[in-house]
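[1] Compute the structure for the input listed below.
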Amino acid sequence: MADWDYDILIAGGGMVGISLALCLDHHSGGRLNIAVVESFPLPPNDQSAPQYRPSFDARSTALSFGSRNIYQALGVWPALAQHLCDINKIHVSDRGHFGSVLMEKELLNWPALGHVVENAWLGNVLLNEVRQRAAVSFIAPAKVLNAVINADGVDIELDLGERKESRRAQLLVVADGAESGLRQQLGIHAKVDNYHQIAVIANIATERPHGGMAFERFTEAGPLAMLPLTPDEQGRSRSALVWTFAEAKEAEVMGWSDSEFLARLQEQFGYRLGKLVHVGQRGLYPLRLTEAEEQVRRQVVVMGNAAHFLHPVAGQGFNLALRDADALAVVLAQAKLVGKNLGELSVLQDYAERQRGDQWLTTMFSDRLTKVFGNRKPLLSVLRNLGLVMLDGSPALKNQFTQRAAGIVQPSQQGRVSS
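    Numbers count the residues shown, from 1 in each chain. A predicted model of the protein is given here:
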């Protein structure tokens, strides 16, 4: 048998890479030898519970009900649940028009439609858990300089700062972000649909408590989302804002003072949460739909934002990546059990085929939602709002829409592979 340092090497130790490592370890029962390469230094390995340090400027992630199911199976949900906010209702509206939809957890008899968690807490919980898995090791700080695919594995050159080292793995997973240098180095091209928009991300303190309600609001400037967060250290109600603008307005928007920013947001959002009283640090991101033209090739899988980078307003990107990670882990655990090479193309094509429908539906859902509600032509506005009214009046349609938004694409999650 060939001599490998690892069964799987994951390039990228962010939330997707760590989640994949946990999924692989879980579904294989610890049989897979996994390495995670991360460019940033890791904090000291403390086996005690991770510390929560709330910050008004913290970025956050919306976890769907489907993602909750996956993290429950991995055993990390009880820790995550200590510091996250449930989404109990979602209100979708089109500013200046009559159509709106209210989705409620009671419709599906779920404990919540989704959850919002600060990225720092999510990352701390995942890192704390994965470092307790004996079959998973970290190489950090380090980056993959080069990867050469051969007959039964991948030869990987690592830059560890003061020295370079080589590793060999059966399978290389590329999970180093939307602008993946490794994906480009491997000659895997990406299709890019530029929305010519920017997203402004910030946390907003509100006069009234949100009560676990998320808002999707479509305006003349572009779509905005307000997602419920846990209170800040002063006990103020917080919501996480994602507000999109035409890219030509970048300098103007970022030049607004905090008071002007809040005033303009108030005008577009309204007074559903009372007066908007404080805005945290603002971040800005260019928006585009990016899809890798190949997600699998012999000995290589492309995952997370490196595989598909979606518009953030629909909140689908990370949840899709987590479902991809879980599905890949099931396929690779089965391959390990029957002695197949983990990078064999037929094995990876099985994963790609399993996820093809989910990826297509999710990408289309996110892209069409953005484009339909971003178009302000009068006739389309009327049709769009009639559609919202019909959706709100049909429990069956609303149920289907809610499940799609929550990432429920299969009756149940697949379980661990056992011998």
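[2] is it true that G30 touches Q132?
    No: in this structure G30 lies outside contact range of Q132 using C-beta atoms under 8 Å: 11.3 Å. Bear in mind the C-beta positions are built from the backbone N, C-alpha and C, glycine included.
[3] Which one of the two is surrounded by more residues?
    A side-by-side neighbour count of G30 and Q132, using other C-beta atoms under 10 Å, places G30 first with 13 against 10.
[4] Report the contact partners of the nearest residue to the more buried one once chain neighbours are set aside.
    Take G30 and drop its neighbours on the chain: the residue closest to it by C-beta to C-beta, 6 or more residues apart in numbering is A135, 4.8 Å away. With contacts taken as C-beta atoms under 8 Å, 6 or more residues apart in numbering, A135 has the following neighbours: D25, S28, G30, R31, L32, N33, I34.
[5] Longest helix in the protein, please.
    Longest helix in the chain, counting residues (DSSP state H): helix 345-374.
[6] who does it touch, helix- and strand-wise?
    Other elements packing on helix 345-374 under the criterion 3 or more C-beta pairs under 8 Å, 6 or more residues apart in numbering; DSSP states H and E are strand 190-206, strand 223-229, strand 283-292, strand 296-297, strand 300-302, helix 317-337, helix 378-393, helix 395-405.
[7] between these, which has the poorest average model confidence?
    By mean pLDDT, the lowest-scoring of the helices and strands packed on helix 345-374 turns out to be helix 378-393, with a mean of 44.
[8] How many neighbouring residues does G75 have?
    Tallying neighbours of G75 according to other C-beta under 10 Å, which is how burial is gauged here, yields 11.
[9] contacting residues for it?
    Counting by C-beta under 8 Å, 6+ apart, G75 touches H26, E129.
[10] now F40
    Taking C-beta under 8 Å, 6+ apart as the definition, contacts of F40 comprise G13, A140, P141.
[11] so which of those residues is the most crowded?
    With neighbours defined as other C-beta under 10 Å, the most crowded of these is G13; it has 26 neighbours.
[12] which parts of stretch 336-352 are buried?
    The neighbour-count criterion (16 or more other C-beta atoms under 10 Å) identifies K336, N341, L342, G343, E344, V347, L348, D350, Y351, A352 as the buried residues of stretch 336-352.
[13] And the pLDDT for the nearest residue to G274 once chain neighbours are set aside?
    Of all residues beyond its chain neighbours, the one nearest G274 is E207 (3.1 Å), with distances taken as C-beta to C-beta, 6+ apart. pLDDT, E207: 97.
[14] Pull the number of nearby residues for E207.
    By the measure other C-beta under 10 Å, the count of residues near E207 is 12.
[15] How about the contacts made by it?
    When contacts are taken as C-beta under 8 Å, 6+ apart, E207 is in contact with S237, L273, G274, K275, L276, V277.
[16] And for the second one, the neighbour number?
    In other words, L273. The burial metric for L273, expressed as a neighbour count using other C-beta under 10 Å, is 23.
[17] try the one 4 residues further on
    For V277, the number of neighbouring residues by other C-beta under 10 Å comes to 13.
[18] Now do the SS call for it.
    Three states are possible here, and by DSSP: H, G, I helix; E, B strand; the rest coil the one that applies to V277 is strand.
[19] any idea how far it is from Q234?
    With distances defined as C-beta to C-beta, to the nearest Å, the gap from V277 to Q234 amounts to 11 Å.
[20] Specify which member of the contacts of E207 is nearest to E247.
    Of all the contacts of E207, E247 sits closest to L276, with 24.5 Å by C-beta to C-beta.
[21] Since that was my last question, I'll sign off now.
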